[in-house]
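S.K.: Sequence first, then the predicted structure, then my questions.
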Amino acid sequence: MHHDLLRLLDDHLAELAALRHVLAAPRPVHLGERLSAATETVRSAERYALAVGALLDPRPACVRR
């Protein structure tokens, strides 16, 4: 499980780093581009939280709902 948690964290951090690159770009951006990237960081965090929660939940997947 430890390996799985680290993989999830690494994937999440890589996604956030890519989104940070979009947010910090020193170039002209399209209308709403930074807002979309910022919104995607929230979605990324939500996906990460759900994935970690599912990994740590001892109940079978069919019972979790």
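M.R.: Thanks, I have it.

S.K.: While we're on residue 32, how confident is the model there?
M.R.: pLDDT for residue 32: 90.

S.K.: tell me the SS of the most centrally placed residue in the chain?
M.R.: The structure's the chain has its C-alpha centroid closest to residue 44; by Cα atoms, centre = their mean the separation is 2.5 Å. In three-state terms, and counting by DSSP: H, G, I helix; E, B strand; the rest coil, residue 44 is helix.

S.K.: From residue 28, how far out is it?
M.R.: Taking Cβ to Cβ, to the nearest Å as the measure, residue 44 falls 25 Å from residue 28. Backbone N, C-alpha and C define where each C-beta goes, glycine included.

S.K.: follow-up on the earlier one: ignoring the adjacent residues along the chain, who's closest to the residue nearest to the centre of the chain?
M.R.: Spatial nearest neighbour of residue 44, chain neighbours left out: residue 15 (4.9 Å); criterion: Cβ to Cβ, 6 or more residues apart in numbering.

S.K.: Check the burial of the one you found by counting its neighbours.
M.R.: 17 (other Cβ atoms under 10 Å).

S.K.: Test my guess that it contacts residue 45.
M.R.: No: counting by Cβ atoms under 8 Å, residue 45 is not a contact partner of residue 15; they are 9.5 Å apart.

S.K.: for this protein, what are the low-confidence residue spans?
M.R.: 61-65 (pLDDT under 70).

S.K.: Which stretches in this structure count as helices?
M.R.: Here the chain has its helices, by DSSP state H, at 2-23, 33-56.

S.K.: list the buried ones in the shortest one?
M.R.: What it means is helix 2-23. Neighbour counts over helix 2-23 (16 or more other Cβ atoms under 10 Å) mark 8, 12, 15, 19 as buried.
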